[in-house]
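Engineer: only geometry, no sequence info:
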């Protein structure tokens with residue numbers, strides 16, 4: 001035997017194959033000892049949704065910005081969609097989770113139509129279903145990072161409801177998420193105290209004013225927005241609306257302490 005001869009291990013039978021005498025483990029096979037990874041924090045998120053009940057219907061609005069942390073990454077993300085002629089859904093929070101729940105709801109509506117189920121899914125039923133879904137995900141420690149606003153009709157009456165990622169749910173005459181809770185809700189309540197009942201024009205003007213304030217004060221807000229109007233006649237969702245022509249940053253010169 002020659003001195004200094006180095007013995008090398010034989011190469012595997014094929015790249016990525018098993019070692020001699022052992023079994024091959026498929027990459028897709030789940031190992032029992034591995035834990036499931038859950039989303040701990042949204043990566044791309046949307047900010048406030050504001051909604052209110054007026055005389056004869058419900059109206060809500062949300063901007064179209066998808067923020068990647070502090071970066072205004074996606075500026076045309078639609079977070080409001082028509083579910084049926086009696087319900088509209090808008091969400092703030094994780095955009096991926098919103099897209100997921102939207103696909104589930106749209107498939108549910110298609111199944112109802114194919115099977116001929118009646119009555120049509122209304123806002124009250126959708127709100128009730130969302131509370132169960134979001135609470136179930138929270139109980140599995142894998143929540144959908146969303147704050148949902150459902151607008152529409154229930155028993156032929158205007159309905160506006162809120163559900164968040166831990167299943168907290170309620171209905172009210174005015175609902176908001178994000179910074180809208182602190183900035184928009186007081187504006188709406190003040191206007192109700194002055195006028196009592198809001199007309200359709202009053203509601204639209206008030207929502208636009210709320211979005212302006214949010215655009216000024218919320219760093220994650222955007223000037224482009226969607227506005228949904230639900231009446232007994234059906235649902236109207238307006239896209240590509242713009243606040244820029246109605247806003248002015250001249251007041252920034254008077255702000256002190258944030259330089």
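Structural biologist: Here it is on my side, so go on. On a predicted model such as this, the values are computed, not experimentally measured, just so you know. Residues are numbered from 1 along each chain as shown.

Engineer: residue ranges with poor pLDDT in the chain?
Structural biologist: 1-39, 257-259 (pLDDT under 70).

Engineer: in what helix or strand does the most centrally placed residue in it lie?
Structural biologist: The centre of the chain sits closest to residue 91, judged by CA atoms, centre = their mean, with a distance of 2.5 Å. Taking DSSP states H and E as the definition, residue 91 sits inside strand 87-94.

Engineer: can you check residue 212 too?
Structural biologist: Counting by DSSP H and E, residue 212 is part of helix 200-217.

Engineer: buried residues in that helix?
Structural biologist: By neighbour count on 16 or more other CB atoms under 10 Å, the buried set for helix 200-217 is 202-204, 206-207, 210-216. Yep, even glycine has a C-beta here, placed from its N, CA and C like the rest.

Engineer: which stretches of the chain form strands?
Structural biologist: Per DSSP state E, the chain carries strands over the ranges 44-46, 49-54, 57-63, 66-68, 71-74, 80-84, 87-94, 146-154, 157-164, 169-171, 174-176, 224-231, 234-242.

Engineer: quick one: strands adjacent to the first one?
Structural biologist: It refers to strand 44-46. When sheet partners are counted by DSSP bridges, strand 44-46 sits next to strand 66-68 (antiparallel), strand 87-94 (antiparallel).

Engineer: out of these, the one nearest residue 113 is which?
Structural biologist: Ranking these by proximity to residue 113 (CB to CB) places strand 87-94 first, at 13.9 Å.

Engineer: burial measure for residue 255, as a count.
Structural biologist: By the criterion of other CB atoms under 10 Å, residue 255 has 9 neighbours.

Engineer: before we move on, what about residue 89?
Structural biologist: 26.

Engineer: what sits against it?
Structural biologist: 80-81, 83, 102, 105, 126, 148-151 (CB atoms under 8 Å, 6 or more residues apart in numbering).

Engineer: how about 6 Å then?
Structural biologist: Going by CB atoms under 6 Å, 6 or more residues apart in numbering, residue 89 touches 83, 150.

Engineer: repeat for residue 214
Structural biologist: 48, 179, 183, 221.

Engineer: distance to residue 230 and neighbour count added to these, as a markdown table?
Structural biologist: Below are those laid out as a markdown table (distance: CB to CB, whole Å; neighbours: other CB atoms under 10 Å):
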| residue | distance to residue 230 | neighbour count |
| --- | --- | --- |
| 48 | 19 | 26 |
| 179 | 24 | 19 |
| 183 | 23 | 19 |
| 221 | 23 | 26 |
